[in-house]
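J.: need a structure here:
(3 chains)
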Amino acid sequence: MPKEYCEKQTISFREKVYKAVKKIPKGKVMTYGQVARVIGSPRAFRAVGNALDSNPDIEHVPCHRVVKSDGNPGGYRYGTKKKLSLLKREEVVIKDRRVVI
DNA sequence: GTCGTGACTAGCC
DNA sequence: CGGCTAGCCACGA
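T.: Sure, this is the predicted structure:
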């Protein structure tokens, strides 16, 4: 069940995540670990997924550009299939249902 | 204040 | 090489 978007709820670590994801250039993808590392918590890749789970700026934060370290789509609130479709629609190279970083 | 969950990663067997 | 376990961070109840 949707826990609704908590835009006004506590945000601190998440804010960094959104910022980092927003900085992802078009046609490129980043891994959860990479994002976590960029924000200063290389071991918070778990929280990264958590933050994107309540992505308040789904339209501004290209969470679909965030994939697993293996290039696997990982997960997507709106369907992993859609994620790959979106990536393919961009300039991201998809190979065998996996993202090429 | 404590436990459980989640879109993960790395190490170990 | 392949599968599994443990660990990690943040948030909700």
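
J.: show me the residues around the residue of chain A found nearest DNA strand B that make contact.
T.: At 2.1 Å from DNA strand B, residue A:75 is the closest residue in chain A, using CB to the nearest atom of the strand. Quick note: C-beta positions are derived from backbone N, CA and C, even for glycine. Residues in contact with residue A:75, defined by CB atoms under 8 Å, 6 or more residues apart in numbering, are residue A:49.

J.: quick one: pLDDT of it?
T.: Looking at residue A:75, its pLDDT stands at 90.

J.: how about the strands in chain A?
T.: A:30-31, A:66-67, A:94-95, A:98-99 (DSSP state E).

J.: which of those strands sits most buried?
T.: When these are scored by mean count of other CB atoms under 10 Å, the highest mean neighbour count falls to strand A:66-67 (a mean of 26).

J.: That one pairs with which strands?
T.: For strand A:66-67, sheet partners with direction are given as strand A:30-31 (parallel), following DSSP bridges.

J.: close to DNA strand B, is the strand it pairs with?
T.: Yes. Judged by CB under 7 Å from any atom of the strand, strand A:30-31 comes into contact with DNA strand B through residue A:31.

J.: Now do that strand: everything it contacts.
T.: Identification of contacts with strand A:30-31 by CB under 8 Å, 6+ apart yields A:20, A:21, A:24, A:38, A:65, A:66, A:67, A:68, A:69, A:101.

J.: cutoff 6 Å now
T.: Identification of contacts with strand A:30-31 by CB atoms under 6 Å, 6 or more residues apart in numbering yields A:24, A:66, A:69.

J.: Now render the residues you listed as a markdown table, adding distance to DNA strand C and pLDDT.
T.: Supplementary listing: those in a markdown table, determined by distance: CB to the nearest atom of the strand, whole Å; pLDDT from 0 to 100:
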| residue | distance to DNA strand C | pLDDT |
| --- | --- | --- |
| A:24 | 20 | 94 |
| A:66 | 15 | 95 |
| A:69 | 11 | 93 |
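
J.: Return the member of those residues nearest to residue A:34.
T.: Sorting the contacts of strand A:30-31 by how near they are to residue A:34, with CB to CB, puts residue A:69 at the top with 7.9 Å.
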